[in-house]
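Peer 1: fold the following, please.
(one chain, ligands or ions: 1)
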Amino acid sequence: MSSNLRSIGIVGGSLAGLRSAEALRAEDYDGSITIISAEDHLPYDRPPLSKQILRGTWASQQSQLVDEEKLSRLDITFLGGTPASAFNAETREVGLADGTSMAFDGVVIATGAQLRHLPGTQGRPHIYGLRTLDDAVALRDGLSACEPGSKVVLIGAGFIGQEIATVAVGLGHRVSLVEGLPLPLLGIVGEPVASALLALPKHGGAELVLGVGVSDIAAATDTAAAGVVVLQDGRRFDADVIVVGIGVTPCTEWLADSGLTLENGVVTNDCLIAAPKVTAAGDVARFHWIAPGRDELARIEHWQMAADGGAHAARSLLAGQDATRFSPIPFFWSDQWGKKIQAVGRPDAKDEVVFVEEPDDEGRFICLYRRGDLLGAALGVSRPAKVMGYRALLERGASFDEALAHARA
Ligand SMILES: Cc1cc2nc3c(=O)[nH]c(=O)nc-3n(C[C@H](O)[C@H](O)[C@H](O)COP(=O)(O)OP(=O)(O)OC[C@H]3O[C@@H](n4cnc5c(N)ncnc54)[C@H](O)[C@@H]3O)c2cc1C
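Peer 2: Below is the predicted model:
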């Protein structure tokens with residue numbers, strides 16, 4: 001792909017940023033590539049953080065996505081520990097936290113997302129969140145330093161919260177999941193599926209406390225090293241370890257005066273272009289998703305979206321006005337309670353759901369989401385091959401009836 005860009009800056013040195021850089025070289029772009037990264041680590045993968053790293057079955061380096069040798073072979077300059085603090089989309093000048101700045105012909109924004117915090121909990125001993133490798137190592141060490149049978153309270157029972165709970169139960173701890181919604185994952189998968197998924201933590205041995213928020217985390221006591229989690233209905237839970245998993249927000253503070261449109265992420269067109277010669281991808285990007293049954297702005301926090309989006313954002317940058325539409329088939333997985341949850345397409349809590357395999361005794365099932373007359377998504381528990389079988393149908397915008405026929409075949 002020919003391009004008149006001679007210098008490209010990628011802000012955010014994780015999955016989407018790295019995939020952008022790799023795609024630029026794959027497209028024979030031979031100008032300079034600089035990755036500006038807030039973290040000191042080389043790009044690493046986040047899914048293992050709440051799985052292998054937390055369990056202690058992987059050393060930290062095993063989550064690394066690239067080594068110095070490959071970066072050097074691809075002639076990519078990696079500036080670690082260098083957060084961007086400002087941006088001008090017109091001049092494509094990136095201000096850095098150390099007061100210097102760098103200007104580029106083209107810029108990819110890939111700054112991902114950061115944890116939401118409960119007020120007053122940051123920096124308190126034995127209270128954790130999980131987004132980065134450093135978070136994972138701290139939590140792993142915190143969990144393994146406790147005697148088996150210690151009290152672990154997770155605030156938030158989303159996918160990552162339940163993965164952490166799985167590991168904590170595996171270490172022999174007593175785990176309580178406190179969730180403000182009446183059912184975990186309700187807003188993502190909808191009521192019928194959230195109800196079916198409830199079997200997993202129940203069989204896994206965690207206590208579920210649903211439909212009530214946290215009003216305070218009171219000070220540590222002799223029987224609660226991390227503090228006492230106080231619920232809005234007055235119940236109190238002693239905790240030796242507390243993990244706050246109440247979601248993330250896109251990292252856009254540094255873009256406040258950039259001239260870009262920021263609305264729950266960096267808004268892009270359907271090609272991931274945010275402004276001329278500026279693209280965005282991964283957890284930070286809210287892109288115009290145009291596909292069968294879709295015409296909406298979407299910010300989708302899945303590994304596959306960051307990997308594919310990163311590469312696409314690079315190609316769009318090089319192609320300029322000839323850029324092509326980003327038409328992903330979203331895919332996510334979560335490993336929890338000895339099961340693998342997977343979804344292709346985009347489950348929507350508002351869509352009608354049909355179980356084509358009803359939940360069995362172990363909580364395995366497959367269901368389909370109907371979006372108008374079309375198949376919107378397929379979600380399954382420990383049915384990997386069958387779930388992936390719906391991908392081709394989603395790619396060609398298959399009708400819901402076709403999907404039901406596929407299920408019966
Ligand atoms: C613990 C965990 C488990 C997960 N498990 C799964 C899973 O099982 N399946 C799945 O589909 N998805 C999973 N995900 C989601 C998936 O990892 C993310 O969607 C993916 O990491 C997004 O990649 P990204 O590059 O867009 O953003 P990020 O991975 O968030 O990376 C953004 C990078 O930009 C840096 N940055 C932020 N601000 C600045 C700045 N101002 N200047 C410079 N750099 C900056 C950040 O420090 C970070 O290094 C998981 C996520 C986590 C945290």
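
Peer 1: my read: residue 310 touches residue 12, true?
Peer 2: No: counting by CB atoms under 8 Å, residue 310 stays clear of residue 12, with 9.2 Å between them. (C-beta placed from N, C-alpha, C; glycine too.)

Peer 1: quickly list what's touching both of those two.
Peer 2: Jointly contacting residue 310 and residue 12 under the rule CB atoms under 8 Å, 6 or more residues apart in numbering are 108, 110, 282.

Peer 1: what are the phi and psi values at the residue in the stretch 101-250 of the chain positioned nearest to the ligand?
Peer 2: In the stretch 101-250 of the chain, the residue that lies nearest the ligand is residue 112 (2.1 Å; CB to the nearest ligand atom). Main-chain dihedrals, residue 112, degrees, to the nearest 10: phi 60, psi -140.

Peer 1: can you give me the pLDDT of it?
Peer 2: Residue 112 carries a pLDDT value of 98.

Peer 1: count of neighbours near it?
Peer 2: 24 (other CB atoms under 10 Å).

Peer 1: what sits against the spatially closest residue to it that is not a sequence neighbour?
Peer 2: Counting by CB to CB, 6 or more residues apart in numbering, residue 112 lies nearest to residue 283, which is 4.4 Å off, once chain neighbours are set aside. Counting by CB under 8 Å, 6+ apart, residue 283 touches 16, 112-113, 248, 250, 265, 299, 301, 305-306.

Peer 1: how about 10 Å then?
Peer 2: 12, 14-16, 46, 110-114, 248-251, 265, 299-303, 305-306, 309 (CB atoms under 10 Å, 6 or more residues apart in numbering).

Peer 1: quick check: it vs residue 181, distance?
Peer 2: 22 Å (CB to CB, to the nearest Å).

Peer 1: identify the residue nearest the residue of the stretch 151-300 of the chain found nearest the ligand in space, chain neighbours excluded?
Peer 2: Residue of the stretch 151-300 of the chain nearest the ligand, by CB to the nearest ligand atom: residue 282 (2.1 Å). Once flanking residues are discounted, residue 282 sits nearest to residue 16: 2.9 Å by CB to CB, 6+ apart.

Peer 1: which PyMOL command selects the buried ones in the contacts of residue 283?
Peer 2: Command for PyMOL that selects the buried part of these, burial taken from 16 or more other CB atoms under 10 Å:
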select buried, resi 12+14+15+16+46+110+111+112+113+114+248+250+251+265+299+300+301+302+303+305+306+309
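
Peer 1: can you tell me which of the contacts of residue 283 are in helices?
Peer 2: Assigned to helices by DSSP state H, the following of the contacts of residue 283 qualify: 15-16, 303, 305-306, 309.

Peer 1: out of the residues you listed, which touch the ligand?
Peer 2: By CB under 6 Å from any ligand atom, the members of the ones in helices among the contacts of residue 283 lying near the ligand are 15-16, 303, 306.

Peer 1: including pLDDT and distance to residue 120, could these go into TSV?
Peer 2: Converted to TSV, those look like this (pLDDT from 0 to 100; distance: CB to CB, whole Å):
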residue	pLDDT	distance to residue 120
15	98	32
16	98	32
303	98	32
306	98	31
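
Peer 1: please report how far residue 358 lies from residue 194.
Peer 2: Distance, residue 358 to residue 194, by CB to CB: 16 Å.

Peer 1: who in the stretch 151-300 of the chain is up against the ligand?
Peer 2: With CB under 6 Å from any ligand atom as the criterion, the stretch 151-300 of the chain meets the ligand at residues 160, 251, 254, 282-283.

Peer 1: swap in 8 Å and give it another go.
Peer 2: 159-160, 163, 248, 251, 253-254, 281-285 (CB under 8 Å from any ligand atom).

Peer 1: can you list phi and psi of residue 384 for me?
Peer 2: The phi/psi pair for residue 384 (degrees, to the nearest 10) reads phi -60, psi -50.

Peer 1: that one against residue 335, yeah?
Peer 2: No: Residue 384 lies out of contact with residue 335 (CB atoms under 10 Å); the separation is 11.3 Å.

Peer 1: neighbours of residue 99, how many?
Peer 2: Counted with other CB under 10 Å, residues neighbouring residue 99 total 7.

Peer 1: try the one 10 residues further on
Peer 2: Around residue 109 there are 37 other residues, counting by other CB under 10 Å.

Peer 1: quick one: contacts for it?
Peer 2: For residue 109, the contact set (CB under 10 Å, 6+ apart) comprises 9-12, 16-17, 20, 84, 87, 89, 94, 250-252, 254-255, 258, 260, 265-266, 268, 272, 274-275, 278-282, 284-285, 313.

Peer 1: wasn't residue 283 part of a helix?
Peer 2: Yes: applying DSSP: H, G, I helix; E, B strand; the rest coil, one finds residue 283 inside a helix.

Peer 1: from the ligand, how far off is the most centrally placed residue in the chain?
Peer 2: Compute the mean C-alpha point of the chain, and by CA atoms, centre = their mean the closest residue is residue 301, 3.9 Å away. Computed as CB to the nearest ligand atom, to the nearest Å, the residue 301 to the ligand distance reads 5 Å.
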